[in-house]
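# got a predicted structure plus its sequence, pasted below:
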Amino acid sequence: MSDLIEAPLSVELAEGETRRVRAGGLDLLVARIRGKYYAVGNTCPHRGCSLFDGWLDDHRITCGCHLSQFDIRDGRVVQGPADRPVEAYEVNVEGNRMSLKIVSRAEQVDIAAKSANR
Ligand code: FES
């Protein structure tokens, strides 16, 4: 997969708003926080619930199923039970199009964590 994904963003998000977006074969949660857009994979790495069904508090997204929390800026786990990060993407919006660049890929973070523990 390319690290750069182009996708339409049909409506500008209001401050603090989240939206589920399907782009480039990905299921994403996109949010606008203080004028900046963020995106993470929408599927919770714990047991697969939709993060869109959870809630956003500043940069922290909480999964509604078992209350795992992730930082939407880099996908890292803030609070379990999830023990793996969610993929995070850098978002640039121009007009009604957005481009996404992978910031962290969950499996890469997993590999880095395992290497660090050796
Ligand atoms: S599925 Fe998200 S915390 Fe369990």
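The structure has been received and is ready for your questions. Bear in mind the structure is a predicted one, so any value in this text is a computation, not a measurement.

# where does pLDDT dip in this protein?
When the per-residue scores of the chain are filtered using pLDDT under 70, the ranges that remain are 1-11, 96, 104-118.

# 50 instead, please
Along the chain, segments meeting pLDDT under 50 span 1-2, 111-118.

# tell me which residue is most central in it.
By CA atoms, centre = their mean, the mean C-alpha position of the chain lies nearest to residue 40, the distance being 1.1 Å.

# quick check, it in a strand?
Yes: the assignment for residue 40, made by DSSP: H, G, I helix; E, B strand; the rest coil, places it in a strand.

# residues contacting residue 65?
The contact partners of residue 65, by CB atoms under 8 Å, 6 or more residues apart in numbering, come to 44, 46, 47, 49, 53, 54. Yep, even glycine has a C-beta here, placed from its N, CA and C like the rest.

# could you dump those into JSON lines with secondary structure and neighbour count added?
Output for those, formatted as JSON lines (DSSP: H, G, I helix; E, B strand; the rest coil; neighbours: other CB atoms under 10 Å):
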{"residue": "44", "secondary structure": "coil", "neighbour count": "26"}
{"residue": "46", "secondary structure": "coil", "neighbour count": "18"}
{"residue": "47", "secondary structure": "coil", "neighbour count": "12"}
{"residue": "49", "secondary structure": "coil", "neighbour count": "16"}
{"residue": "53", "secondary structure": "helix", "neighbour count": "13"}
{"residue": "54", "secondary structure": "coil", "neighbour count": "22"}
